[in-house]
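In: Curious how this folds, go ahead:
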Amino acid sequence: MPKEEPIRSHNDAGTHQLWENGHPYSTAAILPKQLCNIENKKAIKYQLQNPTTLIPEQFQQYYLDYQNKHQRHFLKCVNLIGQLTFLCYFFVDWVLLPEVGMLSGIMRLSLVLITVLINWLAFRYCKNIKVLDSLLPVYVAIGAAVWLQLLLLSHSPVVHTYIYAAVIFILLGSLCIQVSFRNSIFTSALISTVIFQGVIQLVSLEEVALFFIIYTPVLLLSMYISWNNTLNSKRNFLRALLNDWSYYALTELAHTDELTQLNNRRQFMQVAEQAIHKWPRYNLACLLMFDIDFFKNINDTYGHDVGDEVLRVLADIARREMRYSDVLARFGGEEFIALLPNTTLEDAIAIANRLCRKIEGHQICIKDKFFFNFSVSIGVSQLQPHQNDLNLLIKNADIALYQAKKNGRNQVAIYTCKD
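Out: Numbering: from 1, shown residues only. All right, here's what the predicted structure looks like:
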């Protein structure tokens, strides 16, 4: 008897092979297959209809990974634009604040060089998209503090007017937020605190009140745009999740037999063909082909609904008896097939016999009234050295299956090569 491997679950023997052999698993970039269930789909749809659109807890890390992939380049570019903007305002300082023009150039250039270095390190080594999302607002707060210090050092009469340019800082700091609106709240509070501390030192209380009246609508508008940006980011992510869910569902439908939830014929041929061509030349492999004895009589006697139940029962028993590496499929009608890699002919025969006995000993209950048994015939073929012809392997197993039926059914027959 061969050494028994762990029993496979429903997905292991049937649909699991879709994702491990021949199925382009990596094409669905976000949602792993194990999260594709009705409850998660309902949660996604609910959040898409929710005005606030929150990311369900089970998808939080996937959301951050998604944003890291899609927003990283944008954040890098907007950081560069923000630094260039801050540097270019040196020319405005030179004209409006000539007594601190040289100091403005030195301070602005120094700050930009430091932030460029930080950005290079952050975007090269940091994987946390929330940190990258907060970089520019923090720079803006520091830049606002530097600019206000220049205004305090200047004696120019235009300072009281030039101070209204502070709204540029809150706009730049809020509009770049793409991932987390909470970041926008914190950084807006930080930037506003820095700005108002400087304004209070520069102008009278009446002018502070006027500045507050002008600044507040700009602050609220920038935060609304930031909220809308992060909301769209979350909704785009959730729509991508639904696309992945649909992709998995359609792929499963295309590759899975609906009744038994095993691989269908097309998927079996694709997976088995690829597997055989990848194996070493002298790899041992066998193939089982089996079908239900007198299946037409079962349908005629008990009805097609009972016939369908027999097929499901057979699929379930075969799924449990197969090993993790085996490729099991419903080949058509009442016919099933299993490719057994790294298996000697003796081991394949032992597996086939065990499958026969398991099925023979299983009873089908009809309407809770009476039971009946059914059986299968199994043909076994072996992949010969230097061969990788799947069709020939199937043909030989089919010949052996016919021989098993001819010999009386409910038994295993082995294909023997006729020279």
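In: Name the next helix or strand downstream of the helix or strand harbouring residue 247, please.
Out: Element membership for residue 247 (DSSP states H and E) is helix 205-255. Using DSSP H and E, the helix or strand that directly follows helix 205-255 along the chain is helix 265-278.
In: What is the helix holding residue 247 packed up against?
Out: helix 16-20, helix 38-49, helix 60-88, helix 167-175, helix 181-202, helix 265-278 (3 or more C-beta pairs under 8 Å, 6 or more residues apart in numbering; DSSP states H and E). (Glycine included, C-beta is placed from N, CA and C.)
In: Over the longest one, what's the mean pLDDT, rounded is fine.
Out: In this model, helix 60-88 has an average pLDDT of 91.
In: For residue 77, the count of nearby residues, please.
Out: Neighbours of residue 77 under the rule other C-beta atoms under 10 Å: 11.
In: Please disregard the earlier target; I meant residue 229.
Out: 19.
In: ok, now which ones touch it?
Out: 175, 177, 178 (C-beta atoms under 8 Å, 6 or more residues apart in numbering).
In: so which of those residues is the most crowded?
Out: Highest count within the contacts of residue 229 by other C-beta under 10 Å belongs to residue 177, 29 neighbours.
In: Now do the SS call for that residue.
Out: coil (DSSP: H, G, I helix; E, B strand; the rest coil).
In: With residue 339 instead?
Out: Residue 339 ends up strand, using three-state DSSP.
In: Three-state assignment for the nearest residue to residue 307 once chain neighbours are set aside, please.
Out: Take residue 307 and drop its neighbours on the chain: the residue closest to it by C-beta to C-beta, 6 or more residues apart in numbering is residue 299, 4.1 Å away. Using three-state DSSP, the structure places residue 299 in helix.
In: Quick check, pLDDT for residue 299.
Out: So residue 299 comes in at 90 (pLDDT).
In: Next: residue 52.
Out: Residue 52 is given a pLDDT of 88.
In: any idea how far residue 46 is from it?
Out: Note on residue 52: its distance to residue 46, by C-beta to C-beta, to the nearest Å, is 11 Å.
In: okay, these two: which has more neighbours?
Out: Between residue 52 and residue 46, residue 46 has the larger neighbour count (other C-beta under 10 Å), namely 13 against 9.
In: OK, contacts around the more buried one?
Out: Contacts of residue 46 (C-beta under 8 Å, 6+ apart): none.
In: likewise the one 10 residues further on?
Out: Contacts for residue 56 were tallied using C-beta under 8 Å, 6+ apart; they are 40, 43, 44, 47.
In: Same check on residue 377?
Out: Here residue 377 is in contact with 290, 291, 293, 401, 404, 405, 409, 410, 411, 412, 413 (criterion: C-beta under 8 Å, 6+ apart).
In: rewinding a little: ranking the contacts of residue 56 by neighbours, who comes first?
Out: Highest neighbour count within these: residue 44, with 21 neighbours (other C-beta under 10 Å).
In: Next step: the contacts of residue 377 restricted to strands.
Out: 290, 291, 412, 413 (DSSP state E).
In: Touching, the second one and residue 330? I think so.
Out: Right, residue 291. No: Residue 291 lies out of contact with residue 330 (C-beta atoms under 8 Å); the separation is 10.2 Å.
In: Which one's more surrounded, those two?
Out: residue 330 (25 against 22).
In: Check what pLDDT that one gets.
Out: 92.
In: For it, which residues are in contact?
Out: Residues counted as contacts of residue 330 (C-beta under 8 Å, 6+ apart) are 257, 259, 260, 262, 263, 264, 265, 311, 315, 336.
In: pLDDT weak spots in the chain?
Out: 1-31, 33-34, 249-254, 280-282, 368, 385, 417-419 (pLDDT under 70).
In: Need the three-state assignment for residue 53.
Out: Using three-state DSSP, the structure places residue 53 in coil.
In: Ramachandran coordinates for it?
Out: Torsion angles at residue 53 (phi, psi; degrees, to the nearest 10) stand at phi 50, psi 90.
In: Can you verify my assumption that it contacts residue 233?
Out: No: the criterion here is C-beta under 8 Å, and residue 53 misses it with residue 233 at 9.6 Å.
In: Among the two, which residue is more densely surrounded?
Out: residue 233 (23 against 17).
In: Quick check: chain neighbours aside, which residue is closest to residue 212?
Out: Nearest non-adjacent residue to residue 212 (C-beta to C-beta, 6+ apart): residue 196, at 7.8 Å.
In: so how far is residue 169 from that neighbour?
Out: Counting by C-beta to C-beta, the separation of residue 196 from residue 169 is 12 Å.
In: Which one of these two is surrounded by more residues?
Out: In this view residue 196 and residue 169 are compared by other C-beta under 10 Å, and residue 169 has more residues nearby, 24 against 16.
In: Does the closest residue to the more buried one other than its chain neighbours lie in a helix or a strand, and which?
Out: Distance criterion C-beta to C-beta, 6+ apart; nearest residue to residue 169, sequence neighbours excluded, is residue 144 at 4.4 Å. Following DSSP H and E, one finds residue 144 within helix 129-153.
In: gap between that helix and the chain center?
Out: Centroid separation between helix 129-153 and its chain, computed with C-alpha atoms, centre = their mean, to the nearest Å, is 36 Å.
In: repeat for stretch 98-106
Out: With C-alpha atoms, centre = their mean, you get 52 Å for stretch 98-106.
In: Same question for stretch 75-87.
Out: So, by C-alpha atoms, centre = their mean, the centroid of stretch 75-87 is 32 Å from its chain's centroid.
In: Mind listing what's buried along it?
Out: For stretch 75-87, the neighbour count (16 or more other C-beta atoms under 10 Å) marks 75, 78, 79, 82, 83, 86, 87 as buried.
In: does the last one really touch residue 108, like I thought?
Out: Yes: counting by C-beta under 8 Å, residue 87 does reach residue 108; the two are 5.4 Å apart.
In: which residues do these two both contact?
Out: By C-beta under 8 Å, 6+ apart, no residue touches both residue 87 and residue 108.
In: coming back round to it: now list whatever residues contact both of residue 291 and residue 330.
Out: residue 336.
In: packing partners for the helix holding residue 144?
Out: Counting contacts by 3+ C-beta pairs under 8 Å, 6+ apart, helix 129-153 is packed against helix 60-88, helix 101-125, helix 167-175, helix 181-202.
In: Pull the shortest one out as PDB, backbone CA atoms only.
Out: Read that as helix 167-175. Below are the C-alpha coordinates for helix 167-175, written out as PDB (Å, rounded to 0.1, in the frame of the first residue of the first chain):
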ATOM      1  CA  VAL A 167      -3.200  80.400   2.400                       C
ATOM      2  CA  ILE A 168      -0.900  78.800  -0.100                       C
ATOM      3  CA  PHE A 169       0.600  76.700   2.600                       C
ATOM      4  CA  ILE A 170      -2.700  75.200   3.800                       C
ATOM      5  CA  LEU A 171      -3.800  74.600   0.200                       C
ATOM      6  CA  LEU A 172      -0.500  72.800  -0.600                       C
ATOM      7  CA  GLY A 173      -0.500  70.900   2.600                       C
ATOM      8  CA  SER A 174      -4.100  69.600   2.400                       C
ATOM      9  CA  LEU A 175      -4.500  69.000  -1.300                       C
END
